[in-house]
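K.L.:
What follows is a predicted protein model with its sequence.
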Amino acid sequence: MELDEREDMGFIQVKWSAKLYGTVEMKARYWLHQKGSENFYGELDFIKQHFQELYDKLLENLFEEYSENPLLDVWNEETGESERIMFATKEEMHPYLGMTPCIDVKSFKDKVYLGLTFYQHNRLSIEHGICAIFDKLELFLVDSYDFEGILDNLKYRYKSGS
C-alpha cells in the first residue's frame, strides 16, 4: 500500500432483483482505496443507484463467455466434485456466482474503477471468486482474481510496456 493511501470500509444497502434474491435490498461490504485527497463516496452513491444494472452486465458477460466456451467447472457441494454445467439463461448462473459481493473503488491512470467481487459461496471459481471491474457502467474486465491483484497486474503491464 502506498504511503498516502488510506482504506475506508463499511457496508451499504444496494437494491437488486427480488426475483433472484428474494429481497429487494441487501447489505454489501465496500472498500474505498483512496490516495491523497481522493474521495470516492460519490462512487458509492453511483453503485447504490446502478447496482442491478452492474450485476446484470456481469451475469450477461459470464453467460455469454460460458456459453461460447464452458471452461469453468462448477463446484457441486452435494458430490464434492467439480462438473461442467450448461446454463440456459444468465439467471441460472446467479446461484453459482455467490452472494454478497464486496465492492471496491480505486483510481488507476486517471480513472476510477469499480469492482464487484464474489467470494462467499462462489462455485464458479472457488479459489479466488469472480471479480468484475467497471469504468462507470462499462464492464471493463472479468477475472477469477481479486480486485487489488487485477489492478496491480495492470499497473505492472503498463509500466513494462506490455
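P.N.:
Arrived safely, thanks for sending.

K.L.:
which stretch of helix or strand covers the most centrally placed residue in the chain?
P.N.:
Nearest to the geometric centre of the chain sits L116, at 2.2 Å (Cα atoms, centre = their mean). Assessed by DSSP states H and E, L116 sits inside strand 111-118.

K.L.:
Name every strand pairing with that strand and say which way it goes.
P.N.:
Counting by DSSP bridges, the strands paired with strand 111-118 are strand 102-108 (antiparallel), strand 130-135 (antiparallel).

K.L.:
picking up where we left off before, surely the residue nearest to the centre of the chain meets Y55?
P.N.:
Yes. Counting by Cβ atoms under 8 Å, L116 touches Y55, with 7.1 Å between them. C-beta here means a position set from N, CA and C on the backbone, and glycine is covered the same way.

K.L.:
overlap in contacts of the two?
P.N.:
Among the neighbours of L116, those also in contact with Y55 (Cβ atoms under 8 Å, 6 or more residues apart in numbering) are P101.

K.L.:
Give the buried residues for the helix ranked longest in the chain.
P.N.:
Looking across the chain with DSSP state H, the single longest helix is helix 41-68. For helix 41-68, burial by neighbour count (16 or more other Cβ atoms under 10 Å) applies to 43-44, 46-47, 50-51, 54-59, 62-63, 66.

K.L.:
Low-confidence regions, this structure specifically.
P.N.:
Residue ranges of the chain with pLDDT under 70: 1-3, 71-72, 126-128, 160-162.

K.L.:
which residues pair with the residue nearest to the centre of the chain across the strands?
P.N.:
Beta bridges link L116 to I103, A132 when assigned by DSSP bridges.

K.L.:
Select, out of the strands paired with strand 111-118, the one closest to E92.
P.N.:
Nearest to E92, of all the strands paired with strand 111-118, is strand 130-135, at 15.4 Å by Cβ to Cβ.

K.L.:
Pull the distance from the closest one to the chain's centre.
P.N.:
5 Å (Cα atoms, centre = their mean, to the nearest Å).

K.L.:
Render the CA-only coordinates of that strand in CSV, please.
P.N.:
Written as CSV, here are the backbone C-alpha positions of strand 130-135 (Å, rounded to 0.1, in the frame of the first residue of the first chain):
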residue,chain,number,x,y,z
ILE,A,130,-15.1,-13.7,-9.6
CYS,A,131,-14.3,-10.1,-9.9
ALA,A,132,-15.9,-7.7,-12.4
ILE,A,133,-14.2,-4.3,-12.9
PHE,A,134,-16.3,-1.4,-14.3
ASP,A,135,-15.5,2.0,-15.6
